[in-house]
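In: Just need the structure, nothing else, for what follows:
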Amino acid sequence: MKAIVFDMDGVLFDTERVGDQAWRRAAEEMGFAGIDEAVDGCRGLNRRDTAAFFAAHFPDFDYPAFHQRNHAIMAEMLADGMPVKPGAYELLDWLKEQEWKIALETSTGRESTMHHLESAKMTEYFEAIITGEQVEHGKPAPEIYEIACRELGTEPALTYAVEDSPNGIRSASGAKMRVIMVPDQIAPNLELRQMIVTVQKTLLDVREFLEKFGE
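Out: Numbers count the residues shown, from 1 in each chain. Purely as a prediction, here's the structure:
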């Protein structure tokens, strides 16, 4: 059985970069000086864990207001359509042709996730879509990837995960999956390299890797 699970932001969509810009704009408007620590600490976390991060590290900061403003800025920046990563459609089309089982997991909420996928006309590629509010413990906990494998009906050890962030890689590795890293905002370090089977520059490179070694 050939199976693969994709992260969304930073893997299929260039939304990590857009999200960072939105966070920094909102932080500047609100006079929040800790944005760099927050961006690094919250990358890959779901909404609940992000709120917990702010409560622990910046208890006096109005996170709900920040989240609302950031969400508005993000929607404005994505109004003209989703920034799809190079090779995304080509890889997904090839996986479908080769009869791979395909799932998507994301720390993003379901409403935004479905909006993004529908805007990019990607929804039909995925047999399962798992979003941030479906898990009790977000990344780096393995729960979201374990759910994805259960919904696909696959063994994690025989299922690939495509990730870009350290928290995502730790999550997929904790689920005992075969992790492919496609770096986005963060380059792989020694810790991450011990958790992955390969680093590929683009999704087109992922396709070439799977053509050679994916079965």
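
In: how about stretch 74-81: buried residues?
Out: Within stretch 74-81, the residues scored as buried using 16 or more other C-beta atoms under 10 Å are Met74, Leu78. Just so you know, the C-beta spots here come from the backbone N, C-alpha and C atoms, and that holds for glycine as well.

In: I should have written stretch 175-190 there, sorry.
Out: Buried-residue list, stretch 175-190, by 16+ other C-beta under 10 Å: Ala175, Lys176, Met177, Arg178, Val179, Ile180, Met181, Val182, Asp184, Ile186, Pro188.

In: Got the phi and psi for the first one?
Out: When quoted as degrees, to the nearest 10, the phi and psi of Ala175 stand at phi -80, psi 0.

In: Show me which pair in the buried residues of stretch 175-190 is furthest apart.
Out: Within those, Lys176 and Asp184 form the most distant pair, 23.5 Å apart (C-beta to C-beta).

In: for the buried residues of stretch 175-190, which one is nearest Met8?
Out: Nearest member of the buried residues of stretch 175-190 to Met8, counting by C-beta to C-beta, is Asp184, at 11.5 Å.

In: didn't that closest one look like it was pressed against Val18?
Out: No. Using C-beta atoms under 8 Å, Asp184 makes no contact with Val18, being 11.4 Å away.

In: what bridges to Ala161?
Out: Per DSSP bridges, the residues bridged to Ala161 are Val5, Val179.

In: number of nearby residues for it?
Out: When neighbours are defined as other C-beta atoms under 10 Å, Ala161 has 29 of them.

In: In contact with it, which residues?
Out: Contact partners of Ala161, counting by C-beta atoms under 8 Å, 6 or more residues apart in numbering, are Ile4, Val5, Phe6, Asp7, Tyr145, Gly168, Ala172, Ala175, Met177, Arg178, Val179, Ile180.

In: Now tell me which of these the prediction trusts least.
Out: Lowest pLDDT within those is found at Gly168 (94).

In: With just CA atoms, put the helix or strand where that residue lies into CSV.
Out: Gly168 belongs to helix 166-174 when assigned by DSSP states H and E. Below are the C-alpha coordinates for helix 166-174, written out as CSV (Å, rounded to 0.1, in the frame of the first residue of the first chain):
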residue,chain,number,x,y,z
PRO,A,166,10.5,21.4,13.2
ASN,A,167,7.3,20.8,15.2
GLY,A,168,5.7,19.1,12.3
ILE,A,169,8.7,16.8,11.8
ARG,A,170,8.8,15.9,15.5
SER,A,171,5.1,15.1,15.2
ALA,A,172,5.4,12.8,12.2
SER,A,173,8.6,11.2,13.6
GLY,A,174,6.8,10.6,16.9
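
In: Which elements pack onto it?
Out: With contacts taken as 3 or more C-beta pairs under 8 Å, 6 or more residues apart in numbering; DSSP states H and E, helix 166-174 sits against helix 143-152, strand 159-163, strand 178-181, helix 190-193.
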